[in-house]
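Undergrad: Test case, fold it:
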Amino acid sequence: MKAAVYYETGSPSVFHYEEIDDPSCAPNGVVIDVEVVSIEGGDTLNRQGGLMAGSPHVVGYQCAGVICETGSDVRDRAVGQRVVCTNLHGSHAAKRAVPANATWRIPDDLDTARAACVPIAVGTADDCLFEFGHLRAGETVLVHAGAGGVGMAAIQLAKRAGATVLATASSAEKLERLKDYGLDHGINYAENDFVSAARELTGGKGPDLVVDSIGGRTLQGSIECAAYRGRIITVGGAGRDPVTPDLAPLRPANKTLTGVFLGAELALNSERVHPMIQGHLSALSKGELAIEIDRSFPLAEAAAAHEFIESRKAFGRVTLTVE
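TA: Model (predicted):
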């Protein structure tokens, strides 16, 4: 099969598009003919310096396509079914082998490309807001990186839950477009101090919940700007900022800081998370949720796709297509 592989971590230029062996099907697994790859934030971080499962290494958490083989122990999946799947690596390829319980059926009236973008981003947003963020109707939430996959999902889910939604982005154009997804107030972090802006937009109180996917100095600001008894969710380090935040401001205001990692919940609480994600696929098929795909690249151009993501110009998701 064809795959975008690398032999060492580094810049997008490490990618090679070449022929490698097809994956084998485990007794509890399925093999998928991949049609669309959703490039996740963790994919770029892993390519930059993450662990390699082998050499050559196929990076990538999430993709969607059609099942072409099932393992002997699999009873609830069949050849010919369209599914979206997640796993630690292997998405940037024409075929992928995953455990059957790491797949979700794609509704008949939902296109494969948008389905490919759902589990990690929307599932993470849901957990940040509700399972760990305890967001309630009438509260205010600040979502960092509002134009990214998790950010756009969080804006929609929070608005649907009756919250007032603030979000940061790098341009006025992105913030204006996010209003179509439920954004109430945008903060251009390239031109304004988001801590001061968030306090001003909440009458000096600060947001009840902050969803922070950036880390470092941004996480420090998130801690500072949250309301009394505010909740701060840290979910990744997209900013690649090595600064370690000072946690002392949490105590005087009885604030809480919680780390969220969807992968752990998928592994340890699948009975909760799996139907939650399936519900979001259903909502997307009914028009109750929107996925914005900014740009799609052929699998052979994985390097260009990763470069585009790292340029921070994308509004929404970036995908790879397998022909």
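Undergrad: Would you mind measuring from the spatially most central residue of the chain to Glu40?
TA: Among the residues of the chain, the one closest to the centroid is Ala121, at 2.9 Å (Cα atoms, centre = their mean). In this view, Ala121 and Glu40 are 7 Å apart by Cβ to Cβ, to the nearest Å. In this view, the C-beta of every residue, glycine as well, is placed from N, C-alpha and C.
Undergrad: Find the residues that touch each one of the two.
TA: Gly149 (Cβ atoms under 8 Å, 6 or more residues apart in numbering).
Undergrad: Any regions of the chain where pLDDT drops low?
TA: Along the chain, segments meeting pLDDT under 70 span 239.
Undergrad: Quickly list the domain ranges of it.
TA: Domain ranges of the chain: 2-117+291-321, 121-261, per automatic domain parsing.
Undergrad: start to end distance for the longest one?
TA: Which is domain 2-117+291-321. Across its full length, domain 2-117+291-321 reaches 12 Å between end residues, using Cα to Cα, to the nearest Å.
Undergrad: go on, stretch 96-103?
TA: Taking Cα to Cα, stretch 96-103 runs 11 Å from one end to the other.
Undergrad: Also stretch 202-220?
TA: One end of stretch 202-220 to the other measures 19 Å (Cα to Cα).
Undergrad: in it, what's buried?
TA: Counting neighbours by 16 or more other Cβ atoms under 10 Å, one finds that the buried residues in stretch 202-220 are 202, 206-216, 218-220.
Undergrad: go on, stretch 48-68?
TA: Neighbour counts over stretch 48-68 (16+ other Cβ under 10 Å) mark 50, 52, 57-65, 67 as buried.
Undergrad: Please apply the same query to stretch 123-142.
TA: Neighbour counts over stretch 123-142 (16+ other Cβ under 10 Å) mark 123-129, 131-133, 135, 139-142 as buried.
Undergrad: My read is that Thr44 contacts Phe308, right?
TA: No: judged on Cβ atoms under 8 Å, Thr44 makes no contact with Phe308 at a distance of 10.5 Å.
Undergrad: What segments of the stretch 151-300 of the chain are strands?
TA: Under the criterion DSSP state E, counting those that start in this stretch, strands of the stretch 151-300 of the chain are mapped to 164-169, 185-188, 209-212, 231-234, 256-259, 293-298.
Undergrad: Alright, I will stop here.
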